[in-house]
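> Fold the following, please.
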Amino acid sequence: MEAPLERDTEIEWQLDAHDLRPVLRWVEEAVANNGSNPVTIGRGPTLNQVDTYLDTADRRIDRAGYTVRLRKTPRRPSEATLKSLASERPGGGALRIRMELGEQLDVEEPAEVAHGKGPVGQRVRALVGSQQLVPLFEVQTRRRVFPLSTDGKPSGELLLDETTFREPGGRILGRLRRVEVEAPQEAVDLVGPLVDSLQIGCGLQPAVLSKYETALVASGLRRAPSESFGLIAVEAGDTIGQVGLATLRRQFAILLAKEPGTRLGDDIEALHDMRVASRRLRAALSLLADYLPAEAVRLKPELAWLGQTIGAVRDLDVQLVRLGEWTAAVPPEDREPLSRLRALLDEERARARAEMLKALDSARYERFVRRFSSMLRTRTGARTPAGLAAAPDLVERRHRALRKAMKRIDGEAEPAAYHRLRIASKRFRYALEFLSELYDGDTKPMVRRTVELQDLLGDFQDADVAIGRFRRLAAAQGVELGPQTVFVMGEIAERYRSSMEGIRNEVPAAYAGLTGKVWKRLLKRLEDARPPVTPARPPA
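Numbering: from 1, shown residues only. Alright, predicted model coming up:
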């Protein structure tokens, strides 16, 4: 039997204590004087609980910034908990605020946490994929519980913990005494003064490390380090191959760093950032193909496959956000029909997300990561031309493609022409950003202007994609949606068309900022920095 727990944010004060006896005396006195305090301290049970912390062999959960534990307490259901390692610490004191999700499980083996059907099991499966959970260490705690209340309503708990850290079923690694005070959001201002009084009265210090981090230290482990693939700094004297490899290393590190958040799916921006990193990698491989290792260029199709897989989910994320905006803007009688449309888009997103997770768990993705990582770590790019010598031609090539794409834009241009212009502007922007460190930031003004054009064209593309999706849904599932929903979809599609017409009128002015004197000034700066060509010496 499984039952989800309600809490998704943990708010607690953590205080370290060398000895809990003075704290217990302080609590007993506070209980005796309950009538004079706004927060009443009650008497609760003493619990003996064992927490088994879990991760994969390659520490995927830690690298994602989370911990997973299975808590066993006599005569209570087992409880799986997922917590974020990062926490807000208002004022830098003992108060910590962090994400916490839990579910109750009927399991004996800790590794079965990944099979749970609730919020923890779902996220753990998304994070670890085909990897197995293994125990890191056990945290055994004898906990005295003192419930808090205000005007008869629960206000949290004061907890006195005597904790022992052990290897899984083995030797003792260390001990800890800690005072924790948990409170719901609405009771924080009431419970805060009680904690201050407790801290001062007992000489307690704010905890620096969480129990998980303390157990890591005791067991000789560390937080899982971020992946490193070699040098990422760029200097003016670098070769173009060194610049290219540094760019690939940066973007590949971002791609891998955003993978856990993409797998979890709680923050759509993580997926967006992973998709952007994949695009930048492809753009760098295209721009610098002549100066990069052949192995890197051969892996470009794998990046295209990955970007397409992630992009299917991202496009639906954008549509759902826009649908929320439109729902808030339409009359109340149109909101119920749109809820049916949202349900369909949610189903599409769930299918696209399942396909994405399948791809991230695949041998193909694992092979791509291994090959790309090896290439970045073993290549130097030293035997290529100077970056300052090659960069002007690369930037001019991208600007020429931008000019060519703009020539196809007029009042009657098809959406595909605007899409090509968007791609050309994006590639031009990426070229400027990849090479910017060679020119001490001189490319930034042009980058800002390119972003303005790119944002306009991005809105145009999103609108075109939305209209196409509405058209397909109406044709394939119009009966299921019903005439009222299809009618409202038509209204929204018309708003998208109207916004596209407005963008058509804005594009020429935005594009003008990338030409003329501004462009000539930048091109002159690039040419002035180009090293002179050394004439070849005649043969003796």
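
> Three-state assignment for the nearest residue to residue 313 once chain neighbours are set aside, please.
Counting by C-beta to C-beta, 6 or more residues apart in numbering, the nearest residue to residue 313 once its immediate chain neighbours are dropped is residue 352, at 4.7 Å. For glycine as for every other residue, the C-beta is placed from the backbone atoms N, C-alpha and C. Reducing the assignment to helix, strand or coil with DSSP: H, G, I helix; E, B strand; the rest coil, the entry for residue 352 is helix.

> Next up, the contacts around residue 352.
Applying C-beta atoms under 8 Å, 6 or more residues apart in numbering to residue 352 gives the contacts 312-313, 316.

> What of residue 315?
Taking C-beta under 8 Å, 6+ apart as the definition of contact, the neighbours of residue 315 are residue 465.

> In terms of helices and strands, where is it?
Taking DSSP states H and E as the definition, one finds residue 315 inside helix 300-329.

> List the buried residues of that helix.
300, 302-303, 306-307, 309-320, 322-323, 326-327 (16 or more other C-beta atoms under 10 Å).

> and what of stretch 396-413?
Within stretch 396-413, the residues that qualify as buried by neighbour count (16+ other C-beta under 10 Å) are 398-399, 401-402, 405-406, 409.

> which one of the residues you listed sits closest to residue 429?
For residue 429, the nearest member of the buried residues of stretch 396-413 is residue 398. The distance, counting by C-beta to C-beta, is 8.7 Å.

> Which strand or helix spans the closest one?
helix 387-407.

> How many neighbouring residues does residue 509 have?
11 (other C-beta atoms under 10 Å).

> Distance check, it against residue 139.
Distance, residue 509 to residue 139, using C-beta to C-beta, to the nearest Å: 62 Å.

> Next: residue 44.
Computed as C-beta to C-beta, the residue 44 to residue 139 distance reads 20 Å.

> Same drill for the two, tell me which one is more crowded.
Taking neighbours as other C-beta under 10 Å, residue 44 and residue 139 compare with residue 139 leading, 24 against 15.

> quick one, phi psi at the more buried one?
Residue 139 adopts backbone torsions of phi -120, psi 110, taken as degrees, to the nearest 10.

> I'd say it and residue 162 touch.
No: counting by C-beta atoms under 8 Å, residue 139 sits too far from residue 162 to count as a contact (11.4 Å).

> Please name the residues that touch residue 310.
For residue 310, the contacting residues are 262, 271, 274-275, 278, 356, taking C-beta under 8 Å, 6+ apart as the criterion.

> On the three-state scheme, residue 165 is what?
Secondary structure assignment for residue 165 (three-state DSSP): strand.

> Who are the contact partners of it?
Under the criterion of C-beta under 8 Å, 6+ apart, the neighbours of residue 165 are 137-140, 172-176, 214-215, 218-219.

> could you redo the last one with a cut-off of 10 Å?
51, 53, 137-141, 172-176, 211, 214-219 (C-beta atoms under 10 Å, 6 or more residues apart in numbering).

> Residue 392 too?
435, 522-530.

> With respect to residue 38, which of those residues is nearest?
For the contacts of residue 392, with residue 38 as the reference and C-beta to C-beta as the criterion, the closest is residue 435, at 62.2 Å.

> what is in contact with residue 139 and residue 162 at once?
Joint contacts of residue 139 and residue 162 (C-beta under 10 Å, 6+ apart) are residue 176.

> can you tell me how far residue 366 sits from residue 193?
From residue 366 over to residue 193 the distance is 53 Å, taken as C-beta to C-beta.

> cool, and residue 160?
19 Å.

> For the protein, which segments are assigned as strands?
With DSSP state E applied, the chain shows strands at 3-4, 9-16, 40-41, 46-55, 66-72, 78-84, 95-105, 134-150, 153-166, 172-182, 205-206, listed in chain order.

> Quickly run through the sheet partners of the third one, with directions.
Here the strand partners of strand 40-41, with direction, are listed using DSSP bridges: strand 134-150 (antiparallel).

> Quick one: work out the angle between the partner strand and strand 66-72.
Computed with axes from the mean of the first three to the mean of the last three C-alpha atoms, to 10 degrees, the direction of strand 134-150 lies at 80 degrees from that of strand 66-72.

> So for strand 134-150, what gets flagged as buried?
Neighbour counts using 16+ other C-beta under 10 Å place 135-141, 143-144, 146, 148, 150 of strand 134-150 among the buried residues.

> Check the offset of it from the chain's centre.
Averaging C-alpha positions (C-alpha atoms, centre = their mean, to the nearest Å) puts strand 134-150 30 Å from its chain's average.

> cool, and stretch 158-175?
Here the centre of mass of C-alpha atoms in stretch 158-175, compared against the chain's by C-alpha atoms, centre = their mean, lies 32 Å away.
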